[in-house]
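Undergrad: can't give you the sequence, but here's the structure:
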């Protein structure tokens, strides 16, 4: 699997999203090398993680349904999460990448989950810390991510959950499960 052959999959994305996807791929490779994940899988998953991000919501739902995914109530009521799910299905069913680890890395790159593989953690953090990202605390999360995947994930999940709660938005149970699992394993 050579990531470059998938670059054309980004052709329909905006310039910002295309640059972001390339930057996530680069950051994913760096983290994979540092933390022992498969480098080529990280390159591919990073490149394709947002492949359906700018796809119409109705089409995303169709991709999800065609892929045999049944959304939970939280997922159904959180359209901002759909691109991760539809993207994973698209990569599997349309592009034809049947690797389960790549599927899960794309599927859970926005929420995280309990039981994540190294690749899943790498993609989650690479998306959070890619070069063009500029939001409050970006330097702090980058610093945590350099210490360990788990430290970076804890800070990233706390950051996300506090923003969601502050806006009165739904919080994914997957994010809370990932957070709790990391804390429990640190003790």
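TA: Noted; the coordinates are in hand. Because the structure is a prediction, the values reported are computed rather than measured.

Undergrad: please make it C-alpha for all contacts and neighbour counts, starting now.
TA: Noted.

Undergrad: what about the longest helix in the chain?
TA: helix 15-35 (DSSP state H).

Undergrad: report the inter-axis angle for the helix or strand that comes right after that helix versus helix 15-35.
TA: Next helix or strand after helix 15-35 toward the C-terminus (DSSP states H and E): helix 39-48. For helix 39-48 against helix 15-35, the angle by axes from the mean of the first three to the mean of the last three C-alpha atoms, to 10 degrees is 160 degrees.

Undergrad: report all helices and strands that helix 39-48 contacts.
TA: With contacts taken as 3 or more C-alpha pairs under 8 Å, 6 or more residues apart in numbering; DSSP states H and E, helix 39-48 sits against helix 15-35, helix 100-107, helix 118-129.

Undergrad: by contact count, what packs against the second one?
TA: Here helix 100-107 touches helix 39-48, helix 82-90, helix 118-129, going by 3+ C-alpha pairs under 8 Å, 6+ apart.

Undergrad: any chance of these in TSV, plus mean pLDDT, mean neighbour count and distance to residue 106?
TA: As requested, the helices and strands packed on helix 100-107 are exported to TSV (pLDDT from 0 to 100; neighbours: other C-alpha atoms under 10 Å; distance: least, C-alpha to C-alpha, whole Å):
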stretch	mean pLDDT	mean neighbour count	distance to residue 106
helix 39-48	97	26	6
helix 82-90	98	27	5
helix 118-129	97	26	7
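
Undergrad: picking up where we left off before, and the helices and strands packed on helix 39-48, which is most packed in?
TA: Ranked by mean neighbour count under mean count of other C-alpha atoms under 10 Å, the helices and strands packed on helix 39-48 are led by helix 118-129, which reaches a mean of 26.

Undergrad: contact partners for residue 138?
TA: Counting by C-alpha atoms under 8 Å, 6 or more residues apart in numbering, residue 138 touches residue 129.

Undergrad: just the pLDDT at it, thanks.
TA: What the model reports for residue 138 is a pLDDT of 93.

Undergrad: do you know how far it is from residue 132?
TA: Taking C-alpha to C-alpha, to the nearest Å as the measure, residue 138 falls 10 Å from residue 132.

Undergrad: repeat that for residue 94.
TA: For residue 94, the distance to residue 132 (C-alpha to C-alpha) stands at 28 Å.

Undergrad: next: residue 97.
TA: In terms of C-alpha to C-alpha, residue 97 sits 27 Å off from residue 132.

Undergrad: who's more crowded, these two?
TA: Each of residue 97 and residue 132 has its neighbours counted (other C-alpha atoms under 10 Å); residue 97 has more, 16 against 11.
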